[in-house]
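Engineer: just the structure for this:
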Amino acid sequence: MKASFLSLKYSCAVGLLIALTACEPKVNQDTPSHTESVATSSSDLVGCYTVSHEEPAQIKINQVEDGFNMQMREPEGSPDVWDKPEPLTVIDVDKGWDYFKVNALDLNKNDVDAMIGRSDGMMVLAKVKDAAKNINPRLDSSYVMYIVQGSNTVYKVACD
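Structural biologist: I've put the predicted structure just below:
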C-alpha cells in the first residue's frame, strides 16, 4: 500500500506540473515583444506628400542608388513638373528629434519610426508609428514634416 501511495503521489505531482506548464503563455518568436520596437525602413518614406488631401503633391521623395532625394513641385506653367533633385540623408531618430521636440502635435521621440532630411536641415520627414497615430487625436497622418522651424502633419498622396 505504501508503494502505491507513493506512485499515486508522484503521479499527481507530475500531472500538476504538466498542467501548470501547459497553462503558461507561449512566446511566439515571430511576434516582437511590446518592449521591442518594430523597425521601419526609411524606404517607407518614399512617395509624394502634400499638406491637404485636396491639393496635388508638393514634395516628391525618391529612393536612388546612393540613398534618397527630394523634389519640389514647380509652379504651374513651368516646363517641368518637378525641380532638380536635392539629396536627402537618413537621420537617426535620437539626433533628428531636435527638429520636432517643440511641436503642437503632442508628438514625442518614441512615436517616430524613421526620419530622412536635407543636409542643410531645412526639411525633415518623419514616419510616425501606427500606435501613436491611433491614440493621438492631433495626428491624422502617418507622416510629419519639419520645414524651416515648423512642423505639421503631411499626407502621402499619389504622384503625378
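Engineer: please enumerate the strands of this structure.
Structural biologist: Using DSSP state E, the strands of the chain run over residues 47-50, 59-64, 67-72, 86-91, 112-118, 123-128, 143-147, 151-157.
Engineer: which outside residues touch the second one?
Structural biologist: The list of residues contacting strand 59-64 from outside it, by C-beta atoms under 8 Å, 6 or more residues apart in numbering, reads 43, 45-50, 68-73, 82, 85, 88, 116, 123, 125, 145, 154, 159. The way it works is simple: take the backbone N, C-alpha and C, and place the C-beta from them, glycine included.
Engineer: narrow those residues to those that are buried.
Structural biologist: 45-50, 68-71, 73, 82, 88, 116, 123, 125, 145, 154, 159 (16 or more other C-beta atoms under 10 Å).
Engineer: circling back to that earlier point, would CSV of the strands of the chain with distance to residue 106 and mean pLDDT be doable?
Structural biologist: Output for these, formatted as CSV (distance: least, C-beta to C-beta, whole Å; pLDDT from 0 to 100):
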stretch, distance to residue 106, mean pLDDT
strand 47-50, 21, 93
strand 59-64, 24, 93
strand 67-72, 27, 93
strand 86-91, 21, 93
strand 112-118, 13, 93
strand 123-128, 12, 94
strand 143-147, 11, 92
strand 151-157, 12, 89
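Engineer: got TSV for those strands, with distance to residue 78 too?
Structural biologist: TSV is the format used below for these (distance: least, C-beta to C-beta, whole Å):
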stretch	distance to residue 78
strand 47-50	17
strand 59-64	14
strand 67-72	11
strand 86-91	17
strand 112-118	21
strand 123-128	20
strand 143-147	21
strand 151-157	20
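Engineer: with respect to residue 137, which of these lies nearest?
Structural biologist: Checking these against residue 137 by C-beta to C-beta gives strand 151-157 as the closest, at 11.8 Å.
Engineer: in that closest one, what's buried?
Structural biologist: Within strand 151-157, the residues scored as buried using 16+ other C-beta under 10 Å are 151, 153-157.
Engineer: partners of residue 63 in the sheet?
Structural biologist: With DSSP bridges applied, residue 63 shows beta-bridge pairing to residue 68.
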